[in-house]
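Peer 1: Fold the following, please.
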Amino acid sequence: MNQNDPTQELSDVGGGVTLQEVAQLAGVSSMTVSRVLHAHANVSEQTRSKVQAAIAQLGYVPNRLAGALATAKTRLMVVIVPSLSNIVFPEVLRGANQRFEAAGYQAVIGVSDYDQQKEEQLIEAMQSWRPSGWIVAGLEHTPRARQMLREARSPVVEVMDMDGDPIDMAVGFSNLQAGRDMGRFLARGGRRRIGYVGGHLDRDLRAAKRLQGFNEALAEHGLALHGQHSADEPSSLLLGRTGLAALLEQHPDLDAVYFSNDDMAVGGLMHCIAAGIDVPGKLALAGFNGLQIGEAVPKRLTTIRSPRFEIGERAADHILARLQGKQPQSRDDMGYEFVTGQTA
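Peer 2: Here you go, the predicted model:
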């Protein structure tokens, strides 16, 4: 390796937009691009601006595999999830990791905290190591994140949603339809004064889609939400309990409440037990995800069970198949299971 050549430190091993492509678009040499990336002083501001504009346009991320052989390939698989605080995404991860380990790959985990800007930063940081594949939660990302994933030249699978256009492949289910199914179930069961309790819908876009579908189903029956409590914080058991209490204080005549997920719904059930509210006689409760905690409570929760572990497995299988030169389907809708339960 030539110690005086900075391009040796920013090789383009493993695919993705190359340094040479940036140089071509900017109309400069590869050496000049490297000097800009290294903040070298001997570059004019005009040239630096052209290079930075080309980097932004192409979504280029420097490869940190310094000195690696041109034929080297990483054995890393990136999995970016919004949270590890409940069992949903750890189960996705467990399913994917089981498949990756069996094939000799190592999963690298990133947690975005439902923040698209943080997700973008994670993608940029991880792309610098040129992983062999990507699993990313959801179909909504910042424009730059989408561009980096498109330009990664590695298989990308977006999981846990089918309501939108995938960058490459998608494995999941329709959150819109899940919301519709629950709305129809409550409306057909004679519930008329229905409320909603959820976390930050501006971040948890899949919960927002379920609420959209739920509202569409109510409208089919000539109904609308009677009340809503959405807190600007992540969902939790405690938020479900305090959220339902706050909602019932404003709307004591509610006869059903739909929660963004099972954590929230179980918290709501705990409030009803403490307050002596008859469930489902006076108030029906419904959640989403089909967590075990919803089966362990005194009355089994009415919910929709998502195949989280299987989605992780299938997403990993699609990536591994693509790496073997196969062409798995780009959209793999795995559906869900409606659990009638005892709370609605």
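Peer 1: which stretches of this structure form strands?
Peer 2: 76-81, 106-111, 133-137, 156-159, 169-172, 194-198, 227-230, 256-259, 284-286, 303-305, 331-333, 337-339 (DSSP state E).
Peer 1: where's the nearest residue to E295 once chain neighbours are set aside relative to Y336, distance?
Peer 2: Spatially, and ignoring its direct neighbours in sequence, E295 is nearest to L301 (7.3 Å; Cβ to Cβ, 6 or more residues apart in numbering). Every C-beta, even on glycine, is put in place using the N, C-alpha and C of the backbone. Distance, L301 to Y336, by Cβ to Cβ, to the nearest Å: 15 Å.
Peer 1: Looking at those two, which is more packed in?
Peer 2: L301 (28 against 21; other Cβ atoms under 10 Å).
Peer 1: contacting residues for that one?
Peer 2: By Cβ atoms under 8 Å, 6 or more residues apart in numbering, the contact list for L301 reads 262, 265-266, 269, 285-287, 294-295, 339, 341-343.
Peer 1: Filter those down to the ones in helices?
Peer 2: Those of the contacts of L301 mapping onto helices are 262, 265-266, 269, 294-295, per DSSP state H.
Peer 1: ok, of the residues you listed, which one's closest to P328?
Peer 2: Ranked by distance to P328 (Cβ to Cβ), these are led by D262 at 30.2 Å.
Peer 1: From what I see, that closest one and I304 are in contact.
Peer 2: No: contact criterion Cβ atoms under 8 Å: D262 and I304 do not qualify, at 9.3 Å.
Peer 1: Looking at these two, which has the bigger crowd around it?
Peer 2: Taking neighbours as other Cβ under 10 Å, D262 and I304 compare with D262 leading, 31 against 24.
Peer 1: Is it correct that F259 is in contact with G268?
Peer 2: Yes: between F259 and G268 there is a contact at 6.0 Å, judged by Cβ under 8 Å.
Peer 1: Give the residues shared as contacts by those two.
Peer 2: 197, 240, 285.
Peer 1: quick one: pLDDT of A344?
Peer 2: The model reports A344 with a pLDDT of 97.
Peer 1: Could you list which residues are in contact with it?
Peer 2: Contacts for A344 (Cβ under 8 Å, 6+ apart) come out as 185-186, 189, 191, 256, 280, 284-286, 302.
Peer 1: for the protein, what helix or strand is lowest in average pLDDT?
Peer 2: helix 30-37 (a mean of 82; mean pLDDT, DSSP states H and E).
Peer 1: top of the ones in helices among the contacts of L301 by neighbour count?
Peer 2: Counting neighbours by other Cβ under 10 Å, A265 leads the ones in helices among the contacts of L301 with 33 neighbours.
Peer 1: pretty sure that one is touching T303, no?
Peer 2: Yes: between A265 and T303 there is a contact at 6.9 Å, judged by Cβ under 8 Å.
Peer 1: what's L76 in contact with, if anything?
Peer 2: So L76 contacts 105-108, 129, 131-132 (Cβ under 8 Å, 6+ apart).
Peer 1: still on that earlier bit, what's the offset of the least confident helix or strand of the chain from the middle of its chain?
Peer 2: 35 Å (Cα atoms, centre = their mean, to the nearest Å).
Peer 1: Going forward, count from 785.
Peer 2: With the count now opening at 785, the last piece we talked about shows up as helix 814-821.
Peer 1: Alpha carbons of that helix, as CSV, please.
Peer 2: The C-alpha coordinates for helix 814-821 follow below in CSV (Å, rounded to 0.1, in the frame of the first residue of the first chain):
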residue,chain,number,x,y,z
SER,A,814,-10.3,10.4,-7.9
MET,A,815,-7.3,11.8,-6.0
THR,A,816,-9.2,15.1,-5.7
VAL,A,817,-12.3,13.4,-4.4
SER,A,818,-10.2,11.6,-1.8
ARG,A,819,-8.6,15.0,-0.8
VAL,A,820,-12.1,16.4,-0.3
LEU,A,821,-13.1,13.4,1.8
